[in-house]
Each structure stands twice: as structure tokens, then as C-alpha cells.
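J.: Based on what follows, work out the 3D shape:
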Amino acid sequence: MTDTTPATPLDPLAPLGKIKEFNPTRQRIKKWLVFAVIGFALFYTLFPVYWLFLNSFKTRLDMFATPAIWLLDAPTLYNYVQTFVERPFLRFMFNSLVVAVGTTILALVFGTMAGFALARFDYPGRAKYHVSFWILSTRMMPPIVTIIPLFLFFAFVNLLNTKTALVIAYTGFNLPFVIWMMKGYFQELPRELEESAMVDGDTRLGAFIRVLIPLARPGLAATAIFTLILSWNEFLFALIITETQTSNTLPIGIAGRITQYKTEWGEISAAGFASCIPIIIFAFIVQKHLVRGLSFGAVKG
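T.: Numbering: from 1, shown residues only. Take a look at the predicted model:
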């Protein structure tokens, strides 16, 4: 007679659950599906850059040829000569570089200190919550509603048509983003690190600079590249605040090639592709910190 007594949990012969059979066809389909998604993402990301690069070496006839020309037999440098020799696009790029780097440095300095203060200091009642929400709420405001006040302010202090005005405006709008990013990173770092440094005789500022800042480098790298990109590509404030070539940035210079008579697509493509290069170089420089920085402060915000 067969024993029908159910196996106890301690029985080594008790069934541990149904084991899935290895299906090579299913695994192969999953692998190819992953490759297809990655390939589509790469194509979606890189094709506009390739098309911009290709158009920058085309003549006007090649640019509007039917069917489209995907590979060039005789590339031309005419667009680059017109962009960077005949026209002051190098000045525009220099202005953008000065404004973007200055904005990134100022936003990181003030934003890092503010993020540290929100993450570490105690405030009475719900003051910390209200201050944090007020900082975040400034990101909800459309930038265009501040154009007239900013224009009047910079006109009053005689800063219109200067790169200094752009740095001040960009820093003000990037600062909330930097504060919230760095606040999350500092909340992930144990308090015992700075407390140990202070026990050893260091000041709070010294512990912040010598202990926490090196540990927050991934967060600083991720925040810096986003701030740099936002400042590099900004168009609205540069259009209103700057007026002449001495302070116009690259987006304004590129937009200037669209006139009421014609659009210089070749020059726009050349300038657009060249404007991608500084950001790509900076991303490669900080890439070892970038991936960790994007996820390091994601748990606490």
C-alpha cells in the first residue's frame, strides 16, 4: 500500500517547487529582443547626429536631392568656412563656453552648500519641508514669465547685453535643480563621517570640504553635466538679454541663419554639429562618475 503521508518541511525529499525547464528558443528570443531594443535606442539617439554631420558637408543641391544622399562621394568644407571664417561663430561658441562654465561653477558652489545645509541641519517645526518645497516650486514656474522683470533689473544695474547677466540668470534657474540633486547625495552619506572628522579636530566646513565633497564627486559630475547642457542650449534668456555679437551665445547665432529670405541649412548643420563636440568631450571626461552619480541619490530626495 502506498504511503500518502504529506512530506514535512524538514523532509529532504520534499518537493521544493516546480523547476522551470530551460528553453533555448525562449532564451534566444529574449536575447534578440534585448538587442533589438538597444539597437533602436542607439539609432533613435545617433541618427540625428549623423544626419547633422552629413548635412554639414553637403552642398545645397545635395542637401535637397531626391532620393536623399546617405553617403557623400565629394564632401565640401564650404559650410564650415562660411560658419567659422566668414561669420563670427567662434565668438558665439566662446561666449556660450564662458556662460555655461561660469553658470555651472556658481550653481555647483552655492547649490552644494545649500543641499548640505538641507540634508544635515535641523530646523524648527516644518521649516525644512517648507524651504525645500519653496526651492522646488521655483522649477514649476515657466521661465518666460520672468523675462520682463529680469530685463528691467539688468537694465537698471546696467548689465544688459553682457555675459555676466546671462550667468546670473542661468545660475538662478539652475540652482534649485542643483540643490535638490546634491541634497539627495548628502542624505545618502552617513553623518558619522563628518562627525569623526570633527572629533579629530576639524571644523564642520573643513569636514565638508575634505571629507564629504570627495565622496560626493559622482553626484557633482552628474549635476555638472546636466547644468552645463541646460546652460549651453538655453535660448530664451540669451535672445532677450543679449543684443550684439559681443555677448550673443551659440543658439542665437545659429537661429540667426534663418532669415526672411532663406535658411542656411548647411551653416546651421555645421554650427550645430560643432556645438555638440564640447558637451561630448566633457561627458567623456566625467563618464566614470556619471553613471554612479545618476543613481547614487535616487533613494532619498
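J.: now residue 223: how far from residue 211?
T.: 19 Å (C-beta to C-beta, to the nearest Å). All C-beta atoms are positioned from the backbone trio N, CA, C, and that covers glycine.
J.: go on, residue 89?
T.: 44 Å.
J.: Compare the two (neighbour count), which wins?
T.: A side-by-side neighbour count of residue 89 and residue 211, using other C-beta atoms under 10 Å, places residue 89 first with 24 against 18.
J.: Contact partners for the nearest residue to that one once chain neighbours are set aside?
T.: Excluding its sequence neighbours, the residue lying closest to residue 89 (C-beta to C-beta, 6 or more residues apart in numbering) is residue 83, at 4.8 Å. The neighbourhood of residue 83, defined by C-beta atoms under 8 Å, 6 or more residues apart in numbering, consists of 89, 267, 270, 271, 274.
J.: If I look at the first one, what pLDDT would I see?
T.: According to the prediction, residue 89 has pLDDT 91.
J.: Quick check on residue 76: phi, psi?
T.: Per-residue torsions, residue 76: phi -120, psi 150 (degrees, to the nearest 10).
J.: Hmm, it is touching residue 56, no?
T.: No: under the criterion of C-beta atoms under 8 Å, residue 76 makes no contact with residue 56, lying 9.5 Å away.
J.: hmm, back to that, output the contacts of residue 83 in TSV, with distance to residue 52 appended to each entry.
T.: Shown next, in TSV, are the contacts of residue 83 (distance: C-beta to C-beta, whole Å):
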residue	distance to residue 52
89	15
267	12
270	9
271	10
274	10
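J.: Closest one to residue 33 out of the residues you listed, please.
T.: Relative to residue 33, the closest of these is residue 274; by C-beta to C-beta it sits at 37.3 Å.
J.: tell me which element residue 124 falls in.
T.: Secondary structure from DSSP states H and E places residue 124 outside every helix and strand.
J.: Distance check, it against residue 115.
T.: As judged by C-beta to C-beta, residue 124 and residue 115 stand 20 Å apart.
J.: For these two, indicate the residue with more neighbours.
T.: Counted by other C-beta under 10 Å, residue 124 and residue 115 do not tie: residue 115 has more neighbours, with 25 against 6.
J.: How is the closest residue to that one other than its chain neighbours classified with respect to secondary structure?
T.: Computed as C-beta to C-beta, 6+ apart, the closest residue to residue 115 that is not its neighbour in sequence is residue 182, at 3.1 Å. Of the three states, residue 182 takes helix under DSSP: H, G, I helix; E, B strand; the rest coil.
J.: What does the pLDDT read for residue 182?
T.: Per the predicted model, pLDDT is 89 at residue 182.
J.: give the contact list for it.
T.: Residue 182 touches 111, 112, 114, 115, 116, 216, 219, 220, 223, 297, counting by C-beta under 8 Å, 6+ apart.
J.: I'd like the residues you listed written out as CSV, with distance to residue 167 added.
T.: Formatted as CSV, the contacts of residue 182 follow (distance: C-beta to C-beta, whole Å):
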residue, distance to residue 167
111, 14
112, 17
114, 18
115, 20
116, 23
216, 23
219, 22
220, 19
223, 17
297, 26
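J.: Out of those, which one has the lowest pLDDT?
T.: residue 297 (47).
J.: what's in contact with the strand or helix carrying residue 79?
T.: Element membership of residue 79 [criterion: DSSP H and E] is helix 78-81. With C-beta under 8 Å, 6+ apart as the test, helix 78-81 has contacts from 56, 57, 58, 59, 266, 267, 269, 270, 274.
J.: How about the second one: what's its closest non-neighbour residue?
T.: If I follow you right, that is residue 57. That would be residue 75: by C-beta to C-beta, 6+ apart, it lies 3.7 Å from residue 57.
J.: From what I see, residue 219 and residue 185 are in contact.
T.: Yes: counting by C-beta under 8 Å, residue 219 does reach residue 185; the two are 3.5 Å apart.
J.: No more questions from me, cheers.
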